[in-house]
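K.L.:
sequence first, then the predicted structure:
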Amino acid sequence: MLLNKDKSILKLIPKHPIPRYTSYPTAPNFHSKIDQNIYKKWLKNTNSKEKISLYIHIPFCNSLCYFCGCHACVVNKYGPIKNYVDYLLIEIELIASKLKFKSKVSHIHFGGGSPSILKPNELISIMNLIKKKFKIIKNCEIAMEIDPRFFPKGDLTKVLKNLGFTRMSIGVQDFSLKVQKNINRKQSFKQTKELIDHLRLNDITVINIDLIYGLPFQTIKSFITTLNKINSLKPDRISIFGYAHVPWMKKHQKLIKGKILNNEERLQLYRLASDYFLNKNYIAIGIDHYAKQNSSIVKKLKNKKLQRNFQGYTEDEAKTLIGVGSSSISSLPDGYVQNITYIPNYIESLKKNKLPILRGRKFKYKDKMYGTIIKELMCYLSVDLNEIIHEFNKENEPNIFFRELFKVKPFIDKGFVNLKNNILSIRPEARPLVRTICSSFDQYFKVNKNKYSLGI
Ligand SMILES: C[S@@+](CC[C@H](N)C(=O)[O-])C[C@H]1O[C@@H](n2cnc3c(N)ncnc32)[C@H](O)[C@@H]1O
Ligand code: SF4
């Protein structure tokens, strides 16, 4: 049963998909006119004094989860992984050769796929090359996404520790066996707890856990059991993603049986998880993250230093994020570029010594303005439009946001959004509406009604 406030929220959740706004303009607006020559220029333009951050994409997994929306594939042999890493190293060399100076790196994130599939030797080669080509600053945060079902412990843990990894992001999704069987991901609580204990014992103490709501067969009862188990693990951060069902793009999602949950069911699970962790004294970060009160990301939130990028919410303040590996996206002061997704083509490009760029997007002046508004709303649920007008020299256009604010009016009328002195703030209980409200400021957003409902 929904509470009255959620009944009103449900009515405002659209029946069409809404972007997750990990970038603005969003990835469907990227185009192939942005090529390696443009990327080279943008790399040259990066300010050598400013810190940069690196994202390393490892697109391999040991087993296919049917829900997965990531750029990942399953391999049974190590050969293709070793081969991929050889080209990843070439890509790092190529990128470093285009930068004017040895850049300072403040954050390195290994994502995927499951980067924990790498053998110590490959991990050491990648990190050694990064150390050679970049200056890693003292408190650089080094993080990795890991699949607990196949984490080998032993040597890999020692290597991670010696290489300075500090944060591990662990996929769980749901502990209900019925849900797990249906998504082809059997993962016991015991297995997950043992891994977290093992990491903590080895001084890798910052633990994030990923959950998903909206999977078939999830019920309030089964999800509470999952939440209790997660809470007992005392993670520093929890991400609770809404299941993105996109079978026209990710064909394996058709293997999922059972009814895809509707917006009402999704909202119930969202609210359950949100109330649960807020009652356990976690702090809500943006739309779908929860962090322990004393965690560093909460300080960033309070000091308004939070960022949102392709990995979600991050403490990393670097203005340049360089993505390495197939499908990875880089964000530079001039725009975005995305690498080739199909691994053989990614490798082919590097064989020719060409940066493997698929597409991208150059920022227009207004993109930065609307991007800032969307980022503020996604991070802090609030934006001071006077500050935006001042920052982007729009003082001569006092009604510049008239059209966008008109779209926000239904949310104001229902009391979920407040507009006072040109400060737009979304009430905390209306977090499920944040993406929809952001879409009012998205100049490229088009409703696509043919797709499944993904409003929340
Ligand atoms: C690269 S995976 C995490 C690491 C590791 N591969 C694992 O699964 O344990 C990143 C996270 O994305 C989320 N994710 C993947 N596919 C999703 C989908 N279709 N909808 C929502 N979240 C999804 C999952 O929570 C997953 O843990
Ligand atoms: S959820 Fe993680 S382990 Fe499962 S297929 Fe996707 S990337 Fe691989």
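P.N.:
Noted; the coordinates are in hand. Everything numeric here is computed off the predicted structure, so don't read it as measured data. Ligands and ions are numbered 1, 2, ... in the order given.

K.L.:
quick check: the residue of the stretch 1-150 of the chain nearest ligand 1.
P.N.:
When distances are taken as CB to the nearest ligand atom, the stretch 1-150 of the chain reaches nearest to ligand 1 at residue 69, 3.1 Å away. C-betas here are computed from N, CA, C, even on glycine.

K.L.:
on the three-state scheme, that residue is what?
P.N.:
Three states are possible here, and by DSSP: H, G, I helix; E, B strand; the rest coil the one that applies to residue 69 is coil.

K.L.:
element containing the residue lying closest to it once chain neighbours are set aside, please.
P.N.:
On the basis of CB to CB, 6 or more residues apart in numbering, the spatially nearest residue to residue 69 that is not a chain neighbour turns out to be residue 244, at 4.9 Å. Secondary structure from DSSP states H and E places residue 244 outside every helix and strand.

K.L.:
so residue 23 versus residue 410, what's the distance?
P.N.:
26 Å (CB to CB, to the nearest Å).

K.L.:
neighbour count winner among these two?
P.N.:
Neighbour count, other CB atoms under 10 Å: between residue 23 and residue 410, residue 23 has more, with 21 against 15.

K.L.:
for that one, what are its contacts?
P.N.:
Contacts for residue 23 (CB atoms under 8 Å, 6 or more residues apart in numbering) come out as 309-310, 329, 331, 336, 371.

K.L.:
surely it is in a strand?
P.N.:
No - secondary structure assignment (three-state DSSP) places residue 23 in coil, not in a strand.

K.L.:
now the residue of the chain found nearest ligand 1, what's its secondary structure?
P.N.:
Of all residues in the chain, residue 171 sits closest to ligand 1, with a separation of 2.1 Å (CB to the nearest ligand atom). At residue 171, secondary structure determined by three-state DSSP is strand.

K.L.:
which element is the nearest residue to it once chain neighbours are set aside on?
P.N.:
For residue 171, ignoring the flanking residues on the chain, the nearest one in space by CB to CB, 6+ apart is residue 210 at 4.9 Å. Element membership of residue 210, judged by DSSP H and E, is strand 206-213.

K.L.:
elements contacting that strand?
P.N.:
Secondary structure elements in contact with strand 206-213, counted by 3 or more CB pairs under 8 Å, 6 or more residues apart in numbering; DSSP states H and E, are strand 167-173, helix 189-201, helix 220-232, strand 237-242, helix 263-279.

K.L.:
what residues does the stretch 201-350 of the chain have near ligand 1?
P.N.:
With CB under 6 Å from any ligand atom as the criterion, the stretch 201-350 of the chain meets ligand 1 at residues 210, 212, 241, 243-244.

K.L.:
want to try TSV for these, with pLDDT and distance to residue 320 as columns?
P.N.:
Shown next, in TSV, are those (pLDDT from 0 to 100; distance: CB to CB, whole Å):
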residue	pLDDT	distance to residue 320
210	98	26
212	98	31
241	95	26
243	95	32
244	92	27
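
K.L.:
now for the residues you listed: which two are most distant?
P.N.:
210 and 244 (13.0 Å; CB to CB).

K.L.:
overlap in contacts of these two?
P.N.:
By CB under 8 Å, 6+ apart, residue 210 and residue 244 have no common neighbours.
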